[in-house]
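Chemist: Kindly generate the corresponding structure for this input.
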Amino acid sequence: MSDQAALQEALAHHHADRVGSSLCDGFCRPLLAQIAREIRAVFSGVFGEHPFATCWTYKNFQDKSGGHIHADNGAASLNLWITPDESNLETDTGGLVLWNKAVPDEYFDATGEEMMHKTLRLKFRDAHPHRRVRITFLYGKPGKSTT
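Modeler: Below is the predicted model:
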């Protein structure tokens, strides 16, 4: 899975600090559907009856000071970081900060999940196989949160 995401040939989203792809534009492998089903089965208390909606991946190629506060546009999401632990040069950072707050109606066209989050500061080794790679799995529709 790490090789598929890290070396994804169809990285359609280009940003100043990362590249990414989603199911709609190339990040589409049978293994992703299997993982999405297994996540929902294992964490049935979290995802309940919310169906798998989509997934995406991002690979950071620059260290950054952190992201903006946001919520994903669904009922619940799960993030997997698939970069080896030894690639993170500051092990007390590199993940997410979570807030269990409702998303204001004006924040989205439709209210998203109730869990606001922000990426923490990143400091990873400066080589292709060591950059932070994240896969997000999204379940359900906005405004139907289980939290």
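
Chemist: now the chain, which segments are flagged as low pLDDT?
Modeler: For the chain, the stretches with pLDDT under 70 are 1-18, 101-115, 143-147.

Chemist: do you know how far residue 116 is from residue 67?
Modeler: 12 Å (C-beta to C-beta, to the nearest Å). Backbone N, C-alpha and C define where each C-beta goes, glycine included.

Chemist: on contacts alone, who are the packing partners of the longest helix anywhere in the chain?
Modeler: The single longest helix within the chain, with elements called by DSSP state H, is helix 30-42. For helix 30-42, the packing partners by 3 or more C-beta pairs under 8 Å, 6 or more residues apart in numbering; DSSP states H and E come out as strand 52-60, strand 133-139.

Chemist: Just name whatever secondary elements the helix or strand that comes right after the first one is in contact with.
Modeler: With elements assigned by DSSP states H and E, the helix or strand that comes after strand 52-60 is strand 76-81. With contacts defined as 3+ C-beta pairs under 8 Å, 6+ apart, strand 76-81 has these neighbours: strand 133-139.
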